[in-house]
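**Q** this one's structure only:
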C-alpha cells in the first residue's frame, strides 16, 4: 500500500474524505426526488436510513472469490453495488450509460458493462473486478496485463484504465487479439479520452505475444 | 431511475402472466437499452419481470433451418458455428453492432425490442411523438442527421416521426426471411420478421406489432442458398461502436455470374428494418455487374425523402447498396 492510499484511508476514517463528501452531497440531492415514505425516515434519522424505506431484496453473488449475502434495492446497478456498498472503487463510473466501458467487469467470465447490469440479475453469478484480477489478490504481484499497461504507458489520467484492463484480458481470452486491427475492433467498447490507444494496443499485443496465462 | 418492483420468473407462462396483468410492467433481458432509458427517465416501468433464467438461449438446427432462442446473447449467436457457416450475414451484422461488452449482455429478443436512439426521444425536455404521443416531433426541422429517409408518411401525408430503428441484427434477420415465435396469454403465434416492426404512420409510439404481455420465444431462420455471397456493410461516424448512418445487408445466390435470387435490406434509413423486395425482384436473372447494381440502387431509392441534415443519405444509401452488392458478388 502506498502512502497516498494510507492518507486516503485516514481521510475517510476521519469522515472528511472527498469520497465521503461526494456521497453526502449525492444523498442530499436525492432528497428532492424522494417519496414521502422515505422522507419520514429522514425526519427520524440519518440520511443512510433512506435506503431502509425502499424495498430491499436478498442477493447472493460471488465477488472476487468471496460469496456476498446482500440486501439491495432492485434498482441498484452492479456498478453502484461494487462502488457504494462494497467499497470496490476500482471499477469506474464514466458515462453510466453503457457508452464508455470504464465500468467493465467480468460476470461468469464474460466482460460486461456494470453500469447497465442490475445487480439483482447477477444472482448466483461470479463477478471479477480489477481488484480481483491478479491471481494472488490485490496485495500480490500485478496481473501480466497490469504490468504491460505500466510498461507501455497505456494511460495518462488512468480513469478508464481498470475498464481497459478488464476488457483487454477478456479480449485475449476470447481469442480476439491476434493483430492490432482486431484488437482495435474488439477494444472499441472502451473509450480513452486521453488518447492512449496506441500504447494500449501495444500492451495487449505484448501480453498476447508473451504467451503468459491471462 | 424510478423505483420499481422486481420479480424473477422461471417459466415463460409466469413471465407472460406477470406482464399481461400489470399496466406498466416490462420484461427485462440483457437490459442494455432498457436500463439506459430508465436512467434517463424516458421509460419508467413500475415492475420489471426478469426473464434471464428462462431456458430460451439455445441455438439449434431444425428440419427447415435454424432456431435461435430469444435469450441467446448477441455474442453467442454471432460466433456460433452454424450461424457463421450457413448465415454469415447474421454473424456479420451482429459483429457490426455495439461493443463486445454490450454484445455479451444483449439478447436476440432484446435487440429486436431496442428503441430508437433519436436524440429527441431521449431528451425528456423536448417534444417527441414516440415518447409522448401528440407532443410533436423535434427532429422534423431540427437536428436530423441520423434520421429516416423512407416510410415516414402518416395517413394525412405529413410525418409524425422520422426516427430510425437502430439494430444491425434486424437488418440481417429481415433480409433472411426470419420468423418470430411469440407467446402470449392466448397462446403462441408466428410473426414474419418483416411484419414485426412497423412504420410510424399515425402511431409512432408503437415500434412493433406485439400485443401486451407477448414474449418473444425464438427466431426461426429458413435454410438459404446465400452463404457464399453475403455481405453486411455499415457506414458510420467512427470505425467501430457507432450506430449506422446507412447499412446494407446483401445476400446473393449466383449461378456463374447470373443472379438467381437476392435478399436485401437497409438500416439507418427507416422506422423499421427496410427490406428491399422490389430491388430483389429487379435483380433476379440479371448479371452481377456494377451496371446492374447501379440500376438496382435507382430502384431502391424510389420514394426516398430527406429532411435537411440527413439529405446526404440520399447519396450515401445508393452508394452503400452498390458497394455491398459488389462485395457480396465477390465473396465466396
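**A** Looks like it came in fine. Note that the structure is a prediction, hence the values are computed from the model and not measured. Numbering: from 1, shown residues only, chains lettered A, B, ... in the order given.
**Q** What ranges in chain A fall below the confidence cut-off?
**A** By pLDDT under 70, the low-scoring segments of chain A are A:1-54.
**Q** wait, residue B:100 sits on residue A:173?
**A** No - using Cβ atoms under 8 Å, residue B:100 is not in contact with residue A:173, being 11.2 Å away. Every C-beta, even on glycine, is put in place using the N, C-alpha and C of the backbone.
**Q** These two: which is more packed in?
**A** Each of residue B:100 and residue A:173 has its neighbours counted (other Cβ atoms under 10 Å in any protein chain shown); residue B:100 has more, 27 against 14.
**Q** roughly how far apart are that one and chain A?
**A** 5 Å (Cβ to the nearest Cβ, to the nearest Å).
**Q** contacting residues around that residue?
**A** A:111, A:167, A:170, A:171, A:174, A:176, A:186, A:188, A:189, B:75 (Cβ atoms under 8 Å, 6 or more residues apart in numbering or on different chains).
**Q** can you list the residues of chain A near chain B?
**A** A:35, A:54-55, A:57, A:73-75, A:77, A:96-98, A:101, A:104, A:110-113, A:116-118, A:120-121, A:123, A:167, A:170-171, A:174, A:176, A:184-186, A:188-190 (Cβ under 8 Å from any Cβ of the partner chain).
**Q** Please indicate which of those residues are buried?
**A** For the residues of chain A next to chain B, a burial check counting by 16 or more other Cβ atoms under 10 Å in any protein chain shown picks out A:54, A:57, A:73-75, A:77, A:96, A:98, A:101, A:104, A:110-113, A:116-118, A:120-121, A:167, A:170-171, A:174, A:176, A:184-186, A:188-190.
**Q** Skip the chain neighbours and tell me the closest residue to the residue most central in space within chain B.
**A** When Cα atoms, centre = their mean is applied to chain B, the residue found nearest the centroid is residue B:170 (3.1 Å). Closest residue in space to residue B:170, ignoring its immediate chain neighbours: residue B:273 at 4.3 Å, by Cβ to Cβ, 6 or more residues apart in numbering or on different chains.
**Q** Burial check on that neighbour, number of neighbours?
**A** The burial count for residue B:273: 27, using other Cβ under 10 Å.
**Q** OK, contacts around it?
**A** B:165, B:167, B:170, B:171, B:173, B:174, B:193, B:194, B:197, B:265, B:267.
**Q** Nearest residue to the last one in space, please, no chain neighbours.
**A** The one in question is residue B:267. Using Cβ to Cβ, 6+ apart and skipping the chain neighbours, the partner closest in space to residue B:267 is residue B:247 (3.8 Å).
**Q** Would you agree the one you found falls within a strand?
**A** Yes - counting by DSSP: H, G, I helix; E, B strand; the rest coil, residue B:247 is found in a strand.
**Q** Before we move on, what's the pLDDT of it?
**A** With respect to pLDDT, residue B:247 scores 98.
**Q** ditto for the one 5 residues further on
**A** You'll see residue B:252 listed with a pLDDT of 98.
**Q** thought it was touching residue B:279?
**A** No - here residue B:252 does not reach residue B:279: they are 11.8 Å apart, not a contact under Cβ under 8 Å.
**Q** and residue B:263, how far is that from residue A:99?
**A** 32 Å (Cβ to Cβ, to the nearest Å).
**Q** Compare neighbour counts for the two and give me the winner.
**A** Applying other Cβ under 10 Å to residue B:263 and residue A:99 shows that residue B:263 carries more neighbours, namely 25 against 17.
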